[in-house]
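Student: what follows is a predicted protein model with its sequence.
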Amino acid sequence: MNPVAVVVVVTFGLFLIGLTGVVFMRPAVAERFFTAFASSAKAHYTEQIFRLIIGASLVVISPTMWQPNLFRVIGWAIIISSIVLILTPWQWHHRFGTHVRPKLIRFMKLYAIGLLLFGVLLIYGVFGRSR
């Protein structure tokens with residue numbers, strides 16, 4: 001199970017780093033991507049399934065990661081927030097998104113720096129611990 005969890009976490013970290021590049025090189029594409037979140041029930045539940053997989057993967061491999069407690073907490077935070085969102089009507093998530101998205105789009109490059117840092121942190125967390 002650990003190798004699968006490692007692949008999930010590293011892939012997610014690389015995805016975040018790549019998304020940062022898209023924000024800076026193709027901002028219109030990134031804006032369309034962010035706008036799709038919670039735009040329908042299918043998008044909402046798909047997002048939550050991916051979040052659960054990522055959160056569970058973090059929890060599974062956290063004991064072997066650099067700063068295991070940090071990554072265990074992050075993993076559980078992702079899992080718990082995903083479960084809450086699954087139990088929440090998707091329209092509420094969509095309505096929340098309509099309020100948040102304009103700020104996200106306006107500060108997309110600043111947000112992307114956070115994505116980059118988190119992606120690098122995830123990859124470092126997987127490979128940075130001396131074995």
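Tutor: Structure received. Numbers count the residues shown, from 1 in each chain.
Student: okay, buried residues for the worst-scoring helix or strand of the chain on mean pLDDT please.
Tutor: Within the chain, judged by mean pLDDT, DSSP states H and E, the helix or strand with the poorest mean is helix 90-106; its value is a mean of 91. Of the residues in helix 90-106, those with enough neighbours to count as buried (16 or more other Cβ atoms under 10 Å) are 90, 93, 94, 97. C-beta coordinates here come from the backbone N, C-alpha and C atoms, glycine included.
Student: save these as TSV, and put in distance to residue 125 too.
Tutor: TSV is the format used below for the buried residues of helix 90-106 (distance: Cβ to Cβ, whole Å):
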residue	distance to residue 125
90	31
93	28
94	32
97	28
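Student: just the closest of these to residue 59, please.
Tutor: Residue 59 has its nearest neighbour among the buried residues of helix 90-106 in residue 93, at 23.0 Å by Cβ to Cβ.
Student: I'd assumed residue 41 was in contact with the closest one.
Tutor: No - when contacts are counted by Cβ atoms under 8 Å, residue 93 is not listed as touching residue 41 (9.7 Å).
Student: remind me, longest helix of the chain?
Tutor: With residue count as the measure and DSSP state H as the assignment, the chain has helix 2-25 as its longest helix.
Student: any idea of the mean pLDDT in it?
Tutor: The average pLDDT within helix 2-25 is 97.
Student: next one: stretch 66-74
Tutor: Within the predicted structure, the mean pLDDT of stretch 66-74 is 97.
Student: stretch 50-61 too?
Tutor: For stretch 50-61, the per-residue pLDDT values average out at 98.
Student: now that stretch: buried residues?
Tutor: When burial is assessed from 16+ other Cβ under 10 Å, stretch 50-61 yields the following buried residues: 51, 52, 53, 54, 55, 56, 57, 58, 59, 60, 61.
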